[in-house]
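**Q** Show me how the following folds:
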Amino acid sequence: MRDPEAWEDHYRLHESKDYKGLVAYCEVDFRVDPDNLYAADRLAQAYVLNGQYHEAISFSGAMHRQFPTISMFHRHILDALFALGKSENDFQWLVTPTIVRLTPDVREACYGYLRGKRRPHSPFNLLHNLWSGDYVAFKDSELLEYLRGDPRFVILQHSAHHAEIKVAPKKKSRTKR
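**A** The predicted structure is shown next:
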């Protein structure tokens, strides 16, 4: 078992984009504690970040066979497959993950979720609240632009990197008597 403060080393390697070092660190971390699923998750992610897609698929695939319902391994397999120009059909799943693509269903789900809310939500919050266990095949920024084209939504742009979304207020009809 590593020092409880070892997360700082992982964080430093990740933030400095030293992905080769991150892979080496995570491999040791996993060898020290092979039953730690978080260590396995970090190693699979490090493989993807370092462009070691085949290693990510092999390692995450082995973890998927042991823990077929744990979605974090699905995510790493899919990230690696997509980076290689492949699809989800290029892997033999024991439990097929749900992949959310930017379709009208996404827009309707966002509308349905936000319709009952008073305060606006960030794209990240929408993704997390609506599809937390699924593989989302688009970025927050892509969702934001997709919803921007629908007049039912109001985009509150606080800065270049911070926006929130809410449902546009319904226009009240004015009838004369």
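**Q** Point out where the protein drops to low pLDDT.
**A** 1-6, 159-160, 172-177 (pLDDT under 70).
**Q** Could you pull out the buried residues of the host helix or strand of residue 76?
**A** Per DSSP states H and E: residue 76 is located in helix 71-83. Across helix 71-83, burial judged by 16 or more other Cβ atoms under 10 Å covers 71, 72, 73, 74, 75, 76, 77, 78, 79, 80, 81, 82. Glycine gets a C-beta too; all of them are placed from N, C-alpha and C.
**Q** As CSV, could you dump the C-alpha coordinates of stretch 151-160?
**A** Output of stretch 151-160 as CSV, limited to C-alpha atoms (Å, rounded to 0.1, in the frame of the first residue of the first chain):
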residue,chain,number,x,y,z
PRO,A,151,-34.7,28.4,-29.0
ARG,A,152,-36.1,26.5,-26.0
PHE,A,153,-32.8,27.0,-24.2
VAL,A,154,-31.1,30.1,-22.9
ILE,A,155,-27.3,30.0,-22.6
LEU,A,156,-25.8,32.2,-19.9
GLN,A,157,-22.2,32.7,-20.9
HIS,A,158,-20.3,33.9,-17.9
SER,A,159,-16.8,33.5,-19.5
ALA,A,160,-15.2,31.7,-22.3
